[in-house]
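Enquirer: Need the 3D shape of this:
(3 chains)
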Amino acid sequence: MTSAIITLLSDYGLEDGFVAACHGVIIGIAPQARIIDVGHLVPDGDVRRGAAILAQTVPYLPSGVHVAVVDPAVGSTRHAVAVQAGDRVFIGPDNGLLSWAVHAVGGAQAAYEITNEDLFLKPVSPTFHGRDIFAPVAAHLVNGASPADLGPLIDIGRLVTLPTPSSRLRDDAAEGEVLSVDHHGNVQLSITGADLSSLGAHIGDTLAIWLGVRQLSVPYRETFAAVSPGELVAYVDSAGLVAMAVNAGDAFQRLSLPPGAHVRIGLSR
Amino acid sequence: MTSAIITLLSDYGLEDGFVAACHGVIIGIAPQARIIDVGHLVPDGDVRRGAAILAQTVPYLPSGVHVAVVDPAVGSTRHAVAVQAGDRVFIGPDNGLLSWAVHAVGGAQAAYEITNEDLFLKPVSPTFHGRDIFAPVAAHLVNGASPADLGPLIDIGRLVTLPTPSSRLRDDAAEGEVLSVDHHGNVQLSITGADLSSLGAHIGDTLAIWLGVRQLSVPYRETFAAVSPGELVAYVDSAGLVAMAVNAGDAFQRLSLPPGAHVRIGLSR
Amino acid sequence: MTSAIITLLSDYGLEDGFVAACHGVIIGIAPQARIIDVGHLVPDGDVRRGAAILAQTVPYLPSGVHVAVVDPAVGSTRHAVAVQAGDRVFIGPDNGLLSWAVHAVGGAQAAYEITNEDLFLKPVSPTFHGRDIFAPVAAHLVNGASPADLGPLIDIGRLVTLPTPSSRLRDDAAEGEVLSVDHHGNVQLSITGADLSSLGAHIGDTLAIWLGVRQLSVPYRETFAAVSPGELVAYVDSAGLVAMAVNAGDAFQRLSLPPGAHVRIGLSR
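Expert: Alright, predicted model coming up:
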């Protein structure tokens, strides 16, 4: 591996020194490493949210070692894994956190269980594998270790994966679910802009959006700035997915749509 | 441009992967770039607050490319601009966000509309110009592109500027307004320490401060630590501006003074 | 000093440009410096919390210059100091903030009052020594200045130190206090895992924990994942200290135990 890039995602928060400890361990082992913090404010233990952030960010990150730690079962029997996908290596707990990102960059070519204690910081804290296992392992990889040095090859078909968000294109409607809610309260769906194009929807149209028993008529625009402040709008977001926003407002609060909620979109007659 | 420094200011927040995507795009194009995050917690769409933070920080930043994105009208018809000021280049939406910082470092020498799509990431998301336009353009600048490569020269007199905060020195009083409120609740005015000196005020004096119809007698000290906890104080802050604070407290909550509120300061008799 | 590492800890928050100004000053003086942010969300003026974070993180940071600024008395008569400990130099206000970290890496070998104004940014703001004194001094150190260049040698016995958290091992119980509460609401005690071992406690036992007049029976496990969600657990945390947590919950809210509260732990009969 020639890249010296290591990226970090976690739910460690920024109030404590946990992120800095990971940086320190990496730099101590691999001073040439360049670290990019993908983010550390994933809600505590929210594997799905961490997976969504990583998957939507990784296409814009240089190839390297991508460490992700949202690990509510740290210290239990879940495995630590390294997943090779193209010229990237993803490292983290085998709880589905990595699965959407691995899929986003073309899928896994090989996977290894991380068991080689020679590469760990010792003693390994039962509650801080980020610092004692994942950070030093990532540093050793940019120092020239091979993923095969980390531990035994495992069957990529046995990696834990999150269910792919449902999305189905029918004759007159696209069905999907709420995938994620961002910092601005924008509600991101598993329905793509391409799905809407297949239905014959164009920017400027009005969409019929069913949320359970509610039906809304929502303008479909290029961006939220195209509607008046306080108005609801649907647009294709920076990840290529249909999102609902309120210009200068919070669509999540307006709609009360949690991740996983079912959504159907058709053209308004 | 020989400096490899790129600084980033935005209202993207730290919960999502938006900032990391910008870092990733920059490093992918210009691996030698050194990135300084000025901050990403500007309140959503608060151009004035973003402008104040950038203007007060830029004198302490090395020369380089200064990217700022607080852009409530992203995707509308507002222009993207590059403004050259000395050996610095400011990049962002032409909505006034850059204006106070450009003024703080001596004013604009030239400005360019950013239209050269060869330098963009494609497809350009209508809602994430930070990642797809501003980040790659900044990276190309540190790779040797010239601001003139970005697009057509525009008249610097036609750049959008925020109104300069009002401040007027009278015989017996300095008038101004609330410029900004910082993280600690300290209320920063558009009145300078030099203004108070012109009035004959010295550290240790008591000031008469009019806030609308209210009049307060406030000790003028070198720092908030010079008064007792819970006590109000006026001092010259780290930007050279008069600020009001409560030692170990929150002056903004105490005074309810929003940005723009009128303030007059004289010497207490 | 050959290391180019500078670490920063403060209570500046991330909303303003204060941290970026410190980065900018450092890089302007010492472009080769590598900066690690230990954290900037120490609660305002909370010297004890800052000291705990620094002490628990520094063993994982490469040697270098460790700057810490939680400085409620900035601008008063407190001294600025540089404390040499092994191949590390700690820089900050002499208010006890550095004391636990210095102790954690083996104690002070020498201390200097920082008085050499040639190394400061001028004019020095009375309220922002981080930018105008500590950041440039740290940069000059990585540029080759010696701690002795900063100002006069002072007696290490006269440095301000925080009281070491009380901890006493009796025949049948370990006594201590609440040291810190982390971002997850985990309550960290001054009692070590080794103390519990001395009492004969083993993972899997039930502990009797006295909090003032309350007595709780708490399972002692390797990690919080070993109990059911919502259940209280005691474990040895990543700093080697006994901590109380609620799996998928907030022990601080559950127990209302502020830092300093007295705690006694014995084996449950």
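Enquirer: switch to C-alpha atoms for all contacts and neighbour counts from now on
Expert: OK.
Enquirer: Which secondary structure elements does the helix or strand of chain A with the lowest mean pLDDT sit against?
Expert: Within chain A, no helix or strand scores below strand A:167-169, which has a mean of 90 by mean pLDDT, DSSP states H and E. Contact here means 3 or more CA pairs under 8 Å, 6 or more residues apart in numbering or on different chains; DSSP states H and E; on that basis strand A:167-169 packs against strand A:173-181.
Enquirer: What pairs with the strand it packs on, parallel or antiparallel?
Expert: Using DSSP bridges, strand A:173-181 pairs in its sheet with strand A:167-169 (antiparallel), strand A:187-192 (antiparallel), strand A:262-267 (antiparallel).
Enquirer: Quick check: what element follows the second one along the chain?
Expert: Read in the C-terminal direction, the helix or strand following strand A:187-192 is helix A:193-198, with elements assigned using DSSP states H and E.
Enquirer: Which is the succeeding secondary structure element to that next one?
Expert: Using DSSP H and E, the next helix or strand after helix A:193-198 towards the C-terminus is strand A:206-211.
Enquirer: sorry, back to before: need the strands paired with strand A:173-181 in CSV (columns: mean neighbour count).
Expert: CSV is the format used below for these (neighbours: other CA atoms under 10 Å in any protein chain shown):
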stretch, mean neighbour count
strand A:167-169, 16
strand A:187-192, 26
strand A:262-267, 21
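Enquirer: Can you add distance to B:Ser198 and give those strands back as JSON lines?
Expert: Converted to JSON lines, the strands paired with strand A:173-181 look like this (distance: least, CA to CA, whole Å):
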{"stretch": "strand A:167-169", "distance to B:Ser198": "69"}
{"stretch": "strand A:187-192", "distance to B:Ser198": "54"}
{"stretch": "strand A:262-267", "distance to B:Ser198": "65"}
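Enquirer: Now the residue in chain A that chain B sits nearest to. Nearest residue, chain neighbours left out?
Expert: Per CA to the nearest CA, the residue of chain A with the smallest distance to chain B is A:Leu61, at 4.3 Å. Excluding the flanking residues, the one nearest A:Leu61 by CA to CA, 6 or more residues apart in numbering or on different chains is B:Gly24, at 4.3 Å.
Enquirer: Surely that neighbour is in a helix?
Expert: Yes. B:Gly24 forms part of a helix when assessed by DSSP: H, G, I helix; E, B strand; the rest coil.
Enquirer: Now the residue of chain A closest to chain B: phi and psi?
Expert: Main-chain torsions, A:Leu61, degrees, to the nearest 10: phi -100, psi 140.
Enquirer: what's it in contact with, if anything?
Expert: Contact analysis of A:Leu61 by CA atoms under 8 Å, 6 or more residues apart in numbering or on different chains lists B:Ala20, B:Ala21, B:His23, B:Gly24, B:Val25, B:Gly28.
Enquirer: TSV for these, including pLDDT?
Expert: Output for the contacts of A:Leu61, formatted as TSV (pLDDT from 0 to 100):
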residue	pLDDT
B:Ala20	98
B:Ala21	98
B:His23	98
B:Gly24	98
B:Val25	98
B:Gly28	97
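Enquirer: Give me the neighbour count for A:Ser197.
Expert: By the criterion of other CA atoms under 10 Å in any protein chain shown, A:Ser197 has 11 neighbours.
Enquirer: now A:Pro229
Expert: Neighbours of A:Pro229 (other CA under 10 Å): 12.
Enquirer: Quick one: end-to-end length of stretch A:218-225, please.
Expert: Taking CA to CA, to the nearest Å, stretch A:218-225 runs 14 Å from one end to the other.
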